[in-house]
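A.B. asks: using only what follows, build the 3D model:
(2 chains)
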Amino acid sequence: AQTVTQSQPEMSVQEAETVTLSCTYDTSESDYYLFWYKQPPSRQMILVIRQEAYKQQNATENRFSVNFQKAAKSFSLKISDSQLGDAAMYFCAYRSNNNDMRFGAGTRLTVKP
Amino acid sequence: DAMVIQNPRYQVTQFGKPVTLSCSQTLNHNVMYWYQQKSSQAPKLLFHYYDKDFNNEADTPDNFQSRRPNTSFCFLDIRSPGLGDAAMYLCATSRDTGTGRSPLHFGNGTRLTVT
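C.D. replies: This is a model prediction of the structure:
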């Protein structure tokens, strides 16, 4: 079974600075998709960014980018120019072709003004 | 706006008293999911529907059941809630494309308290 590991339970960053959240996963499949989701306190889980495993180019969405290392099975999220509204739980997720989506344990990000 | 709606937002039930949580969607997605999320933990997949095909996770307790009467609605039934079933329950949908490319779209969740 696929597993997703987020080794940082908590991270903090100063406003306007850059932070990187780590994620590793374990799979024997070659075709899959990776996601980062954001869950603000008491609010809905929303998609931040998606990466297709067959693409070598790292995905980017405005201030959010990933460092995808397929051989190392690593998928980190970089948040640039951090804003107070970025404070949330961030979940890394793995999905293959069988419709299941598996989540890591999450990283709680605090943004300091 | 197309969305995933969960009702109620907060639900209190008594130990052993059956409870049903509801989810509806206007996205016309063919896959619907139920996740259980306990405080500061990862969402745990309970089961999902691919159209009307029900897919149960191996470790989902028999106490949890689900119904999907049509594309738009899905229900989570907890037959005899225990104190350990207190959690946030998340409903999600996705559009199956034959790959895992489509993201999940989540509702706001229902927070279940068992007294």
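A.B. asks: from here on, contacts and neighbour counts on C-alpha atoms
C.D. replies: Fine.
A.B. asks: how about the most centrally placed residue in chain A, nearest residue that isn't a chain neighbour?
C.D. replies: In chain A, the residue lying closest to the centroid (C-alpha atoms, centre = their mean) is residue A:36, at 3.4 Å. Excluding its sequence neighbours, the residue lying closest to residue A:36 (C-alpha to C-alpha, 6 or more residues apart in numbering or on different chains) is residue A:92, at 4.6 Å.
A.B. asks: neighbours of that neighbour, how many?
C.D. replies: A count of nearby residues for residue A:92, using other C-alpha atoms under 10 Å in any protein chain shown, gives 30.
A.B. asks: which bits of chain A sit near chain B?
C.D. replies: Residues of chain A lying close to chain B by C-alpha under 8 Å from any C-alpha of the partner chain are A:32-33, A:35, A:43-47, A:50, A:52, A:91, A:95-106.
A.B. asks: how deep is residue B:111 tucked in, by neighbour count?
C.D. replies: A count of nearby residues for residue B:111, using other C-alpha under 10 Å, gives 21.
A.B. asks: how about it, nearest residue that isn't a chain neighbour?
C.D. replies: Per C-alpha to C-alpha, 6+ apart, closest to residue B:111 is residue B:88, 4.3 Å.
A.B. asks: next one: residue B:61 from residue B:115, what distance?
C.D. replies: As judged by C-alpha to C-alpha, to the nearest Å, residue B:61 and residue B:115 stand 20 Å apart.
A.B. asks: what does residue B:38 give?
C.D. replies: According to C-alpha to C-alpha, residue B:38 and residue B:115 sit 16 Å apart.
A.B. asks: pick out the residue nearest the middle of chain B.
C.D. replies: residue B:34 (2.6 Å).
A.B. asks: how about that residue, nearest residue that isn't a chain neighbour?
C.D. replies: Among residues not flanking residue B:34 along the chain, residue B:91 sits closest, at 4.8 Å (C-alpha to C-alpha, 6+ apart).
A.B. asks: the one you found contacts residue B:6, doesn't it?
C.D. replies: Yes: using C-alpha atoms under 8 Å, residue B:91 is in contact with residue B:6, at 7.1 Å.
A.B. asks: higher neighbour count, these two?
C.D. replies: A count of neighbours by other C-alpha under 10 Å puts residue B:91 above the other of residue B:91 and residue B:6, at 30 against 24.
A.B. asks: give the contact list for the more buried one.
C.D. replies: B:4, B:6, B:23, B:32, B:33, B:34, B:35, B:106, B:107, B:109 (C-alpha atoms under 8 Å, 6 or more residues apart in numbering or on different chains).
A.B. asks: what about 6 Å?
C.D. replies: By C-alpha atoms under 6 Å, 6 or more residues apart in numbering or on different chains, the contact list for residue B:91 reads B:33, B:34, B:106, B:107.
A.B. asks: save those as TSV, and put in distance to residue B:76, pLDDT and secondary structure too.
C.D. replies: Converted to TSV, the contacts of residue B:91 look like this (distance: C-alpha to C-alpha, whole Å; pLDDT from 0 to 100; DSSP: H, G, I helix; E, B strand; the rest coil):
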residue	distance to residue B:76	pLDDT	secondary structure
B:33	10	94	strand
B:34	8	96	strand
B:106	15	94	strand
B:107	14	95	coil
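A.B. asks: of those, just the buried ones, ChimeraX syntax please.
C.D. replies: Only the buried members of the contacts of residue B:91 enter the following ChimeraX selection, criterion being 16 or more other C-alpha atoms under 10 Å in any protein chain shown:
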select /B:33,34,106,107
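A.B. asks: could I get the contacts of residue B:91 as TSV with distance to residue A:79?
C.D. replies: Shown next, in TSV, are these (distance: C-alpha to C-alpha, whole Å):
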residue	distance to residue A:79
B:33	29
B:34	29
B:106	22
B:107	25
